[in-house]
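Peer 1: Take a look and give me a structure for this.
(2 chains)
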2 protein chains.
Amino acid sequence: MDIALLGGTGDIGEGLALRFAYHTNHDVLVGSRKAAKAEGKAEEYETELDSRGIDVTIEGGTNEDVATVADVVVLAVPPYHVTDIIEAVADELDEGDILVSPATGMDRDDHGFHYAPPPAGSVTEHAAAAVPDGVPLVGAFHNLAAARLANLDAELGIDTFVLADDEDAKDIVKHLAEGIGGLRVLDAGPIANAAEVESLTPLLINVATNNEGLHDLGLELK
Amino acid sequence: MDIALLGGTGDIGEGLALRFAYHTNHDVLVGSRKAAKAEGKAEEYETELDSRGIDVTIEGGTNEDVATVADVVVLAVPPYHVTDIIEAVADELDEGDILVSPATGMDRDDHGFHYAPPPAGSVTEHAAAAVPDGVPLVGAFHNLAAARLANLDAELGIDTFVLADDEDAKDIVKHLAEGIGGLRVLDAGPIANAAEVESLTPLLINVATNNEGLHDLGLELK
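Peer 2: Prediction:
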């Protein structure tokens, strides 16, 4: 399967690109607004993987270019760019393609980080409202610490969650995510349940801030 | 230390009463609107503990009666009763007493459970706004499955979170909670961070609903 990471030069894009290329046999494509930036980062990822004995080609290109090729398109961009980027690549998506939204909305004050969803109720619902007809959107990977993903020496042993209204698309993304070693993928239900998943991210940051020795936290339900 | 569980005949009250009595040497008091109901439940808890070789006295009484005696008063009531019960026992609290709020607000629709906080931002903040002057309020125990707590055969091995603006009170409740075997207690910061903790409860229920074999879920940050 071809997996495109739009905004794949950013931190969560980097983590997912490296993990998919490291743990699975899927083809990974890195997108950015500028092709040269994406190509440079793709080369960096190849070098990192090569240093671990993984000889793999990672393509880089504009977000539009990589979305054209891919079967699964991950919107690895900040929450306020999610609908823009869906609009930018809408014409490149074919029936059968799947969009994946990992973004969450947060703000910060003197006390800590707080979940700050858009009026749709969650970033995932906001994204779902913007997809072209016939292209399902799956929420996934929201609560993963980017630096921990990108460090291939770091053990995961943690959970992530999938949310979708299209059960087939949810299953495909679930299996895709399960290819990443150490990641258990749990079904959190339809997209209407996304807010509770997205609000894990500020919680994990607040706990890391307030407890010595904890950082880049994930979680395991048990 | 004397720990009163107001609404201690309900499910989370039962779980905390049994766990405190089973794992610690603190005195546990069960409160209810009717003394006879509280006394009956306290006797039930004693019988349950006795069957495990724990010979302990658990007092039962009205919420007001047990709040008078206790050093730590847990508001183990539904979210819509939190401020009423604070008002009911306000005159029984002394300086140095600590109130603990474990309640969270949820609603349910066809998709699943959703976090539904009061206008204050969270049930914990709503409770904190209602406490008498000089009595600190600590948020704790929000995300614990009542049935799992109440089943003393069930291993915990999970985390809970404390939130407070008064660091001394937070430390006391943290140590108290750490007395419960298998419970790790993490500092989630000031009460302004409570919404992200409270919204774990609907997430845990949604995941249990959507994944076979999972129920009464807790979580471990790692």
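
Peer 1: Just give the nearest non-adjacent residue to residue A:144, would you?
Peer 2: In space, residue A:144 comes closest to residue A:160 once its chain neighbours are excluded; the distance is 5.9 Å by CB to CB, 6 or more residues apart in numbering or on different chains. In short, each C-beta sits where N, CA and C put it, glycine included.

Peer 1: Test for you: state the pLDDT assigned to residue A:133.
Peer 2: We have a pLDDT of 94 for residue A:133.

Peer 1: before we move on, what about residue A:177?
Peer 2: As summarised for this prediction, residue A:177 has a pLDDT of 98.

Peer 1: same question, residue A:106
Peer 2: At residue A:106, the pLDDT value in this model is 97.

Peer 1: what are the phi and psi angles of residue A:91?
Peer 2: With angles defined as degrees, to the nearest 10, residue A:91 sits at phi -70, psi -20.

Peer 1: So what's the residue count around it?
Peer 2: 10 (other CB atoms under 10 Å in any protein chain shown).

Peer 1: Please apply the same query to the one 4 residues further on.
Peer 2: In terms of burial, residue A:95 registers 8 neighbours under the definition other CB under 10 Å.

Peer 1: Counting neighbours, what do you get for the residue lying closest to it once chain neighbours are set aside?
Peer 2: By the measure of CB to CB, 6+ apart, the closest residue to residue A:95 outside its immediate chain neighbours is residue A:134, 5.3 Å from it. The local packing of residue A:134 (other CB under 10 Å) involves 10 other residues.

Peer 1: next one: the one 10 residues further on
Peer 2: One way to gauge burial is a neighbour count; for residue A:144, by other CB under 10 Å, it gives 26.

Peer 1: Enumerate every residue touching it.
Peer 2: Counting by CB atoms under 8 Å, 6 or more residues apart in numbering or on different chains, residue A:144 makes contact with A:12, A:15, A:102, A:158, A:160, A:218.

Peer 1: quick one on the thing from earlier: show me what the residue nearest to residue A:144 bridges to in the sheet.
Peer 2: Beta-bridge partners recorded for residue A:160 (DSSP bridges): residue A:185.

Peer 1: And for it, the neighbour number?
Peer 2: The number of residues packed near residue A:160 is 24, by other CB under 10 Å.

Peer 1: picking that back up, out of the contacts of residue A:144, who's the most crowded?
Peer 2: When neighbours are counted as other CB under 10 Å, the busiest of those turns out to be residue A:102, with 29 neighbours.

Peer 1: correct me, but that one touches residue A:73?
Peer 2: No. With the criterion set as CB atoms under 8 Å, residue A:102 and residue A:73 do not qualify as a contacting pair; they are 11.7 Å apart.

Peer 1: other SSEs contacting the longest helix seen in chain A?
Peer 2: Ordering each helix of chain A by length in residues (DSSP state H) puts helix A:35-50 first. When contacts are defined as 3 or more CB pairs under 8 Å, 6 or more residues apart in numbering or on different chains; DSSP states H and E, helix A:35-50 sits against helix A:11-23, strand A:27-32, strand A:59-62.

Peer 1: Tell me which of these sits nearest to residue B:95.
Peer 2: Closest to residue B:95 of the helices and strands packed on helix A:35-50, according to CB to CB: helix A:11-23, at 48.2 Å.

Peer 1: Buried residues of that closest one, list them for me.
Peer 2: Along helix A:11-23, these residues count as buried under the neighbour rule (16 or more other CB atoms under 10 Å in any protein chain shown): A:12-23.

Peer 1: Extract the C-alpha set from that helix and format it as PDB.
Peer 2: In PDB, the C-alpha atoms belonging to helix A:11-23 read as follows (Å, rounded to 0.1, in the frame of the first residue of the first chain):
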ATOM      1  CA  ASP A  11       7.300  16.200  13.700                       C
ATOM      2  CA  ILE A  12       4.400  13.800  13.600                       C
ATOM      3  CA  GLY A  13       4.900  13.200   9.900                       C
ATOM      4  CA  GLU A  14       8.500  12.300  10.500                       C
ATOM      5  CA  GLY A  15       7.600   9.900  13.300                       C
ATOM      6  CA  LEU A  16       5.000   8.100  11.200                       C
ATOM      7  CA  ALA A  17       7.200   8.100   8.000                       C
ATOM      8  CA  LEU A  18      10.100   6.500   9.900                       C
ATOM      9  CA  ARG A  19       7.900   4.000  11.700                       C
ATOM     10  CA  PHE A  20       6.000   2.900   8.700                       C
ATOM     11  CA  ALA A  21       9.200   2.500   6.700                       C
ATOM     12  CA  TYR A  22      10.900   0.700   9.600                       C
ATOM     13  CA  HIS A  23       8.200  -1.700  10.700                       C
END
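
Peer 1: Next, the angle helix A:35-50 makes with it.
Peer 2: 40 degrees (axes from the mean of the first three to the mean of the last three CA atoms, to 10 degrees).
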